[in-house]
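Enquirer: One predicted model, sequence on top.
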Amino acid sequence: MLRAASLSELRNEAFLREEFLLALGLNDEILDEFPRELYPWCGRGIRSWQYPVQFARYLTLLTERNIRSYLEIGCRFGGTFIIVVEYIRRFSDLHFAVAMDIEQTAIMTEYATRTTGVTYLIANSTSPQAVSYLGAHQWDLAFIDGDHSYEGCLNDYQSVKNSAKLIGLHDIVSSACPGVARAWGEIRKVVPKARLAEIVDQYRDVQERTGKNFLGIGLVDFG
């Protein structure tokens, strides 16, 4: 689907939000965080753990960049990673993409096995070996979605801060991840506002039902 869609479709935020990302499939592990309108697409496909209302805007921002290398720390089933890799490849010469997680899954294993330029690492991002690996490469985009504790999130951020042009953080407003929200709050204090982007749109159904916010994407531009 990603390889066959037209570039005009892929640049269309409404199309991505309301059709395309749904068809690719959403995660179903914590359904309370998702609006009931999205339940028919949860637990299907490549199971991205994203709100389409947030992810669509994030993806369209990436079309403006020439991203040749991509890192994702914490890929779970692989949905977000697969979508980002295939999406970026429609607009940029992405030749090196790395997914890192502590648990191996069948979806990511299959994708990495049959996709050129993709590396799938089963490792703890805070281990000395992983930290050394992360800092030894240059990343046009690094996406942090691994250890959601305050310390874990900041450790991952520091591991790529000096080697990444763009750094994305997931769950920056999630009530379920106060550590990430705290880390993002500290990053916002020291990074100029012009170099930050926040995509935190919410679904009314979830807010009314739970009284909470979830997910949210923050982007830091060191380019």
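Expert: The structure has been received and is ready for your questions. Numbering: from 1, shown residues only.
Enquirer: what's the single longest helix in this structure?
Expert: Across the chain, the helix with the greatest residue count (assigned by DSSP state H) is helix 178-190.
Enquirer: Look at D93 and give its secondary structure.
Expert: When classified by DSSP: H, G, I helix; E, B strand; the rest coil, D93 comes out as coil.
Enquirer: still on that earlier bit, what is the longest helix of the chain packed up against?
Expert: In terms of contacts (3 or more CB pairs under 8 Å, 6 or more residues apart in numbering; DSSP states H and E), helix 178-190 is packed against helix 150-160, strand 164-170, strand 217-221. All C-beta atoms are positioned from the backbone trio N, CA, C, and that covers glycine.
Enquirer: For that helix, which outside residues touch it?
Expert: Helix 178-190 has contacts (CB atoms under 8 Å, 6 or more residues apart in numbering) with 148-154, 157, 169-174, 196, 218, 220.
Enquirer: And for stretch 36-55?
Expert: 16-18, 21-29, 31, 34, 76-80, 82-83, 107, 145, 199-203, 205, 214-217.
Enquirer: Flag every buried residue along stretch 23-34.
Expert: L24, G25, L26, N27, E33, F34 (16 or more other CB atoms under 10 Å).
Enquirer: mind checking how far the first one is from C75?
Expert: Going back to what we said before, that points to L24. 15 Å (CB to CB, to the nearest Å).
Enquirer: Ok, the last one next?
Expert: Summarising the geometry, the distance separating F34 from C75, computed by CB to CB, is 19 Å.
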